[in-house]
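S.K.: curious how this folds, go ahead:
(2 chains, ligands or ions: 2)
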Amino acid sequence: MVSLVLAGVGGQGIITVANIVGKAALIEGKNALMTELHGMAQRGGKIVVEVRIGDYKSAIIPARSADIMLAFEELEGARNLSKLKESGVIVLNRRMIHPVSLTLKIQDYPERIVAEALSKYKTINVEADQIAMNLGNKRVANTAMIGATFSTGLLNLREENLITAIKESLPEKHWDINMKAFEQGKILPAFETAKVA
Amino acid sequence: MAYDLLLGSEGKMEFLLGNEAVVRGLYEAGVSVAAAYPGTPSSEIGDVLYKLSDRIGIKFEFSTNEKVALEVASAASAGGLRSFVFMKHVGLNVAMDSFVSLSGAGVKGGMVVFSADDPSMHSSQNEQDNRFLGKFARTIVIEPSSPQELKDYIVHAFDISEEIGHPVLIRSVTRISHVRAPVRLGKIKEKNEWKYKKSASLVLLPENAYKAQMSIVNRLEKVRSSKYNGILNSVYGDSSTLIITSGAAYNYIDEAIQMLNVKARILKIGLSFPLDQEMILKEVEKAERVIFVEEGGPFLEEQILSLCAIRSINKKFYGKINGSIPTSYEMDVDRVAGFLSEIYGIQFQTKTQNLNLPERAPVLCPGCPHRATYYVAKLAMKQRGIKDAIVPTDIGCYSLGYYEPYQLGDYCFSMGSSIGSSSGFTIEAKERVVSFIGDSTFFHAGIPGLINAYHNNHNFVLVIMDNYVTAMTGGQPTPETTPPFKRVDIESVVRGIGIKNVYSMDPYDLKNSLDTFKKALDSNELAVIISKRECALEVDRKRVPSEAKVFQINQDKCNLCYNCVKNFTCAAFYVDEGRVYIDPELCDGCSVCSEPLVCPFNAIEVKP
Ligand code: SF4
Ligand code: SF4
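M.R.: Ligands and ions are numbered 1, 2, ... in the order given. Have a look, this model is predicted:
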């Protein structure tokens, strides 16, 4: 039984990632549930997706019981920490999307409070956008995130099933580059905590 | 091809969104005709049907509003075909006039009305529980709990509907329609043949309507004793505490009682109107206390408590009526465990944590034409010395104009309400009235309001924000979409009413738009501005990514006046240590911010 929270901002493709994890579980013969919330903004609003693998009926994860948090954006990761259990792991995409509420007030991104909140947990920093950029397609960043999540060993899913699920979700011409992103996401520094600025 | 997995053979398991499972259910049930007006959380049903309709033999249309959609479907059912209409909860209010009469007329081919309610109002203006409307209209009400049940119950609903000759309302909620789960596919039924027979029961003149009242009673009576109660209701667990539940609320109970380490007997109701009274009362009689856990209002609770009153059954009852269970907002495991713990008298605390983080309010997309429209609207009002305009707005992405910095939107509650309320405001208001409505909303419910405004000599400025799609629900077509449909031109509609004061503008052209606004504001009779520019997301969907331009701030030219961030406020702008930047990942390349009306120092330029 594994629960994941995925948090980020509309337009980041988070739902697709959650869908891939859920599919992989199904391929493995497990039950999986996923629920998504994305207010009224088409892009730029906050998004939370929850995935639960195992014998659950509720797709919504109770407070403090998610095993893994995939933070696609740092502030949104911090915002949803109340879902993560104390021993939970954050897979953190190093991406900051400034909320308009701050920009309007000529304020900076709240880096310090976000880092402080995240630093209470085991965190894997993933330079997903960098990996994607190096591979020449910024859309594969999320596949690197899946690779990184897999490498935590907490997903309890077999690699080949994740790969099948990724391929089923993409046209064949994108398979190669996504497999590379997956591999590079997998190679991670050991657990580190987010640096407090 | 996307959605091919919905066409799979019987027995296959697929990971489906609740709303996708609905479409598979329609396919399995042999449905011939479906219609809808898009509304979240039901929108994906339409997206999938729109793409698959030919392949699954369902004639599907986006109708102009929910009432029209319901009538399209009910006529097909009168011809013996199985028909389906779906909407978000508030859509049923629009369809209500015909919906209420449907039970009297009865149906020939099975007919199912699908309502996706939105407890907690994730994307809605209220959290009305449409089971009450189903009962009010005396349709059969069925409540699934999961994507699998959505699909299966749709098939059952069509069977019941056709067997009894009565319409069925299926009530889903966000946390079913927007949940993904494994769904086992079933077998595909044959479709019915077209067979229309004239019948007095379809003409609800007083004489016929009088008779229809009795047939409603008789048909509902048949449902009570039908085999479907056994199929749609279930009960398990051994305890003197009985929890009666349904729909999404059911999903949280097992986990909550496990968390609390208590026992309960669970009665899950799938057929929630009319109720299988004898079975339910037998369960209640056996119990010592009864707890009602429902998503929405006390629907089962009210019905069952009144039955108990008649039969003088006296137990300890807990629910929304006696205040043991909150009446607002959606359920989840923590909430259910919270109130159950109080009823059971045990300690339980949800472990929440409060971080003080900046909010991320919903925003218009980078490149959104509405931003440009709002920017010039504010500027024009400022230049004309109008400070206190009353601004009715409407339902759509543009209602985000309510937020800073535009703050255009101070009256909004239902589809089309901007125009009717504008008329009302102009009667006595000293303030100028400027209102906003989207293209799809205008077609849906705006036209009668505009005719009223013109006919009754109301003087305000109406801005129709025309982006050629129903954007907020994911870009569904509107009456302007072609081909294969005929295009309805908004300007011709407005002029056809007789209104002369009509202006079309491209909001990206800020200078011209500003002049247009000022002209409209100067006018002393009803003025309509049609602000035309395709939704930025649609443009994005069609565009080759490499063709998109990206803009940047030339830091040498930037004077730090902050006009761009404070007043135009594209979501791609950000500030770091006092300097303004554009996030290249977010910039849509629309170029509007580079106009002198936004940056007077010409500091915003294309990134090489
Ligand atoms: S409007 Fe131009 S000068 Fe003013 S802050 Fe923005 S970029 Fe700089
Ligand atoms: S060009 Fe300017 S207004 Fe348009 S999306 Fe980019 S930053 Fe926003």
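S.K.: now residue B:73: how far from residue B:102?
M.R.: 10 Å (CB to CB, to the nearest Å). Any C-beta I mention is one placed from the backbone N, CA and C, and that applies to glycine too.
S.K.: same thing with residue B:4?
M.R.: From residue B:4 across to residue B:102, the span is 34 Å (CB to CB).
S.K.: swap in residue B:34?
M.R.: Distance, residue B:34 to residue B:102, by CB to CB: 16 Å.
S.K.: more neighbours, the two?
M.R.: residue B:34 (27 against 24; other CB atoms under 10 Å in any protein chain shown).
S.K.: for the more buried one, I want the exact helix or strand it lies within.
M.R.: strand B:33-36 (DSSP states H and E).
S.K.: so for the closest residue to ligand 1 within chain A, what's the pLDDT?
M.R.: Per CB to the nearest ligand atom, residue A:106 is where chain A lies closest to ligand 1, at 9.5 Å. In this model, residue A:106 is scored at 96, pLDDT.
S.K.: tell me, how many residues neighbour residue B:387?
M.R.: Neighbour count of residue B:387, defined by other CB under 10 Å: 9.
S.K.: check contacts around the residue of chain A closest to ligand 1.
M.R.: The contact partners of residue A:106, by CB atoms under 8 Å, 6 or more residues apart in numbering or on different chains, come to B:562, B:565, B:566, B:575, B:578.
S.K.: and these, which of them are buried?
M.R.: Burial by neighbour count, 16 or more other CB atoms under 10 Å in any protein chain shown: within these this picks out B:562, B:565, B:575.
S.K.: for residue 61, grab the count of nearby residues.
M.R.: Went with chain A since none was named. Residues near residue A:61, counting by other CB under 10 Å, number 26.
S.K.: right idea, wrong chain: chain B
M.R.: A total of 19 residues lie near residue B:61 under the criterion other CB under 10 Å.
S.K.: and it, that one's in a strand?
M.R.: Yes. Counting by DSSP: H, G, I helix; E, B strand; the rest coil, residue B:61 is part of a strand.
S.K.: what's opposite it in the beta bridge?
M.R.: Assessed by DSSP bridges, residue B:61 has beta-bridge partners residue B:35.
S.K.: and it, what pLDDT?
M.R.: pLDDT recorded at residue B:61 is 96.
S.K.: distance-wise, check it relative to residue B:84.
M.R.: Counting by CB to CB - residue B:61 and residue B:84 are separated by 12 Å.
S.K.: so what sits against both of the two?
M.R.: Common contacts of residue B:61 and residue B:84 (CB under 8 Å, 6+ apart): B:34, B:35.
S.K.: returning to that earlier point: mind listing the shared neighbours of residue B:73 and residue B:102?
M.R.: Common contacts of residue B:73 and residue B:102 (CB under 8 Å, 6+ apart): B:111, B:113.
S.K.: so residue B:596 touches residue B:603, yeah?
M.R.: No. Using CB atoms under 8 Å as the test, residue B:596 is too far from residue B:603 to be in contact (10.6 Å).
S.K.: so between the two, which is more surrounded?
M.R.: Ranked by neighbour count (other CB under 10 Å), residue B:596 and residue B:603 place residue B:603 first, with 20 against 11.
S.K.: how much space between the more buried one and residue B:132?
M.R.: Applying CB to CB to residue B:603 and residue B:132 gives a distance of 57 Å.
S.K.: for residue B:268, same thing?
M.R.: For residue B:268, the distance to residue B:132 equals 20 Å [CB to CB].
S.K.: quick one: the helices in chain A?
M.R.: Secondary structure of chain A, counting by DSSP state H: helices at A:14-27, A:74-79, A:100-104, A:111-118, A:128-135, A:141-151, A:159-168, A:175-186.
S.K.: contacting residues around the lowest-mean-pLDDT helix or strand in chain B?
M.R.: Lowest on mean pLDDT, DSSP states H and E among the helices and strands of chain B sits helix B:536-542, with a mean of 88. The contact list for helix B:536-542 (CB under 8 Å, 6+ apart) reads A:42-43, B:365-369, B:467-469, B:471, B:475, B:548, B:588, B:590.
S.K.: where's the dip in pLDDT among those residues?
M.R.: The weakest per-residue confidence within those falls on residue A:42 (77).
S.K.: list the residues that contact it.
M.R.: Taking CB under 8 Å, 6+ apart, one finds A:10, A:11, B:365, B:397, B:471, B:472, B:474, B:537 in contact with residue A:42.
S.K.: if any of those are buried, put those into a ChimeraX selection.
M.R.: A single ChimeraX command selects the buried members of the contacts of residue A:42 (16+ other CB under 10 Å):
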select /A:10,11 /B:365,397,471,472,537
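S.K.: show me which of the contacts of residue A:42 is closest to residue B:95.
M.R.: For those, the closest approach to residue B:95 (CB to CB) belongs to residue B:472, at 19.5 Å.
S.K.: that closest one contacts residue A:43, correct?
M.R.: No. Counting by CB under 8 Å, residue B:472 stays clear of residue A:43, with 11.6 Å between them.
S.K.: now whichever residue of the stretch 501-608 of chain B sits closest to chain A: how far from residue B:605?
M.R.: Residue nearest to chain A within the stretch 501-608 of chain B: residue B:574 (3.6 Å; CB to the nearest CB). Taking CB to CB as the measure, residue B:574 falls 17 Å from residue B:605.
S.K.: one more: residue B:258?
M.R.: 60 Å.
S.K.: show me which of those two is the more surrounded one.
M.R.: residue B:605 (14 against 11).
S.K.: quick check: that one is in a helix.
M.R.: No. Using three-state DSSP, the assignment for residue B:605 is strand, not a helix.
S.K.: for it, what are its contacts?
M.R.: By CB under 8 Å, 6+ apart, the contact list for residue B:605 reads B:551, B:552, B:554, B:594.
S.K.: run the last query once more with 10 Å
M.R.: B:551, B:552, B:553, B:554, B:557, B:591, B:594, B:599 (CB atoms under 10 Å, 6 or more residues apart in numbering or on different chains).
S.K.: from the residues you listed, which land in helices?
M.R.: In this view, these have no member that belongs to helices under DSSP H.
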